[in-house]
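Peer 1: Generate coordinates for the sequence data below:
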Amino acid sequence: RGIFINQAKYAQEILIKHGMTSCDSVDLMHDTCYCARYQAKSTEKHLTAVKRIFWYLKDTIHMGLWYPKDTGFELTAFSDSDHAGCLDSRKSTSGGIQFLGGDKLVSWSSKKQDCTSMSFAEAEYVSLSACCAQVL
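Peer 2: Numbering: from 1, shown residues only. As a prediction, the model looks like this:
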């Protein structure tokens, strides 16, 4: 007994809308973050990355998250950042991931920081504060 969560309906609608129902799967996280940064001024390279995202959606459409009923409420969170990783703006990227019951993923994120950090420590602090805000 437990809860199974997936987004098959929404992913299928996106694939149909963009004519990508016959594509193959690839890794998603890097491409998604890469494309999000260049939405306003996209190029052919960005379009190729978006197609990779659609391929991933198609091959993982029925995957989901399973939360057994007896899962404890032990929340574990991790965060990390790079310093000045964006070559265009010199801004850092924050990343975070949260687990429930030790190994049940509940949230993850990767986002370019709004401010320009002056040091590795400052970039890590900004990343940690975003991760803590997600936990709360």
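Peer 1: For residue 67, I want the exact helix or strand it lies within.
Peer 2: Taking DSSP states H and E as the definition, residue 67 sits inside strand 64-68.
Peer 1: Could you tell me how many residues sit around residue 105?
Peer 2: Neighbourhood size, residue 105 [other C-beta atoms under 10 Å]: 11. Placement of C-beta: from N, CA and C, glycine included.
Peer 1: mind saving the C-alpha coords of the helix or strand containing residue 123 as PDB?
Peer 2: Using DSSP H and E, residue 123 falls within helix 120-135. Written as PDB, here are the backbone C-alpha positions of helix 120-135 (Å, rounded to 0.1, in the frame of the first residue of the first chain):
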ATOM      1  CA  PHE A 120      33.000  29.900  -3.600                       C
ATOM      2  CA  ALA A 121      31.700  30.200   0.000                       C
ATOM      3  CA  GLU A 122      29.200  32.900  -1.000                       C
ATOM      4  CA  ALA A 123      27.900  30.700  -3.900                       C
ATOM      5  CA  GLU A 124      27.600  27.700  -1.600                       C
ATOM      6  CA  TYR A 125      25.700  29.800   1.000                       C
ATOM      7  CA  VAL A 126      23.200  31.000  -1.600                       C
ATOM      8  CA  SER A 127      22.700  27.400  -2.800                       C
ATOM      9  CA  LEU A 128      22.300  26.200   0.800                       C
ATOM     10  CA  SER A 129      19.700  28.900   1.600                       C
ATOM     11  CA  ALA A 130      17.700  27.900  -1.500                       C
ATOM     12  CA  CYS A 131      17.800  24.300  -0.500                       C
ATOM     13  CA  CYS A 132      16.600  25.100   3.000                       C
ATOM     14  CA  ALA A 133      13.800  27.200   1.600                       C
ATOM     15  CA  GLN A 134      12.700  24.200  -0.400                       C
ATOM     16  CA  VAL A 135      12.700  22.000   2.700                       C
END
